[in-house]
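Participant: how would this look folded up:
(one chain, ligands or ions: 2)
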Amino acid sequence: MTAPILITGAGQRIGLALVQHFVASKQPVVMTYRTRHETIDALEQQGVHCIQVDFDNPESLATLEMTIRSHYNGLRAIIHNASSWDCEQNNPDFSQLFDNMMRIHAKVPYQLNLALADLLLTDDCVADIIHLTDYVVETGSPKHIAYAASKAALDNLTKSFASKYAPNIKVNSIAPSLIIFNQHDTPEYKAKTLKKSLMGIEPGCKEIINSVELLLNSDYITGRSLPVDGGRHLK
Ligand SMILES: NC(=O)C1=CN([C@@H]2O[C@H](COP(=O)(O)OP(=O)(O)OC[C@H]3O[C@@H](n4cnc5c(N)ncnc54)[C@H](OP(=O)(O)O)[C@@H]3O)[C@@H](O)[C@H]2O)C=CC1
Ligand SMILES: Nc1nc2c(c(=O)[nH]1)N=C([C@H](O)[C@@H](O)CO)CN2
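Facilitator: Ligands and ions are numbered 1, 2, ... in the order given. Down below sits the predicted model:
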């Protein structure tokens with residue numbers, strides 16, 4: 001029996017698309033969600049193990065580790081997808097914002113990678129850790145300062161864990177720019193954002209699915225960041 005892939009923050013959008021992709025390809029998957037979106041019922045009916053986790057809760061990591069260990073003897077991969085795209089404009093308490101960004105984007109992946117590494121080593125194939133970072137790791141972001149810094153920290157964790165866990169576990173980042181808009185995005189924001197890349201499109205979750213599959217199927221790529229950004233760096 002193939003060991004499951006663990007995906008965090010998969011109750012909606014990209015994480016959910018990844019879960020649905022793996023269900024369709026018969027790859028076992030276990031996911032965490034914070035808010036019980038209506039999607040969770042359907043996933044559970046399809047046999048997906050959905051674990052409710054709010055990583056802001058200090059006990060959440062120990063509880064998640066215990067739950068994973070009580071159900072599985074190994075993991076094929078961990079995909080750190082959970083994220084909060086928060087900004088200074090919406091958070092006058094900059095200290096709290098910084099802590100929140102660093103916790104979800106860097107501290108949680110750091111602690112889970114250390115706590116669950118032995119489960120990644122039980123499979124007879126090379127295992128994977130994939131960090132979802134962001135194009136702004138390269139540039140910073142004046143409107144999402146703490147967010148960008150925390151994603152840069154996650155990108156650095158990729159390098160450290162790739163060295164620490166080679167050759168049995170590959171560790172890579174996927175660094176997207178626009179993949180999918182949010183429901184509240186205005187037409188003006190969308191038009192402005194589409195102009196930021198050479199391709200000028202909202203590509204959709206398939207770009208991340210394809211990138212994840214590329215990394216999972218590689219025997220050689222590790223310690224690297226896969227840019228999925230429509231040529232934004234050349235605009
Ligand atoms: N969408 C895009 O265009 C881009 C996405 N990315 C990155 O790709 C990844 C997926 O993006 P996207 O699907 O838009 O992500 P979302 O903004 O939809 O967030 C993914 C999930 O993270 C969960 N989450 C947030 N905070 C916590 C927490 N404290 N504890 C547990 N879960 C939490 C959310 O839970 P809840 O449902 O409860 O809110 C949400 O379902 C992210 O890492 C993102 O930064 C990077 C660049 C562009
Ligand atoms: N957790 C999230 N991170 C990011 C999101 C998002 O919706 N949730 N969206 C973006 C933007 O698409 C940006 O890449 C382009 O404006 C960035 N990160």
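Participant: CA only for contacts and neighbour counts going forward, please
Facilitator: Will do.
Participant: in the protein, which spans are helices?
Facilitator: 13-24, 39-45, 60-71, 94-102, 108-120, 136-139, 145-165, 187-194, 206-216 (DSSP state H).
Participant: now the nearest residue to His37 once chain neighbours are set aside: how far from ligand 1?
Facilitator: Taking Cα to Cα, 6 or more residues apart in numbering as the measure, His37 lies nearest to Gly11, with 6.3 Å between them; neighbours along the chain are not counted. The gap separating Gly11 from ligand 1 is 5 Å, by Cα to the nearest ligand atom, to the nearest Å.
Participant: touching, Gly11 and Arg36? I think so.
Facilitator: Yes - the criterion here is Cα atoms under 8 Å, and Gly11 meets it with Arg36 at 7.2 Å.
Participant: most remote residue from the chain's center?
Facilitator: Seen from the C-alpha centroid of the chain, the residue lying at the greatest distance (Cα atoms, centre = their mean) is Glu188, 27.7 Å away.
Participant: where does it land on pLDDT?
Facilitator: Here, the pLDDT recorded for Glu188 equals 98.
Participant: repeat for Asp124
Facilitator: With respect to pLDDT, Asp124 scores 76.
Participant: that one: neighbouring residues, count only.
Facilitator: Neighbours of Asp124 under the rule other Cα atoms under 10 Å: 11.
Participant: please apply the same query to Val126.
Facilitator: Val126 has 20 nearby residues by other Cα under 10 Å.
Participant: phi, psi of it?
Facilitator: phi -70, psi 130 (degrees, to the nearest 10).
Participant: ligand 2 versus that one, what's the distance?
Facilitator: 28 Å.
Participant: show me the contacts for the closest residue to that residue other than its chain neighbours.
Facilitator: Nearest residue to Val126 in three dimensions, chain neighbours excluded: Asn168, at 5.0 Å (Cα to Cα, 6+ apart). Taking Cα atoms under 8 Å, 6 or more residues apart in numbering as the criterion, Asn168 is in contact with 121, 125-127.
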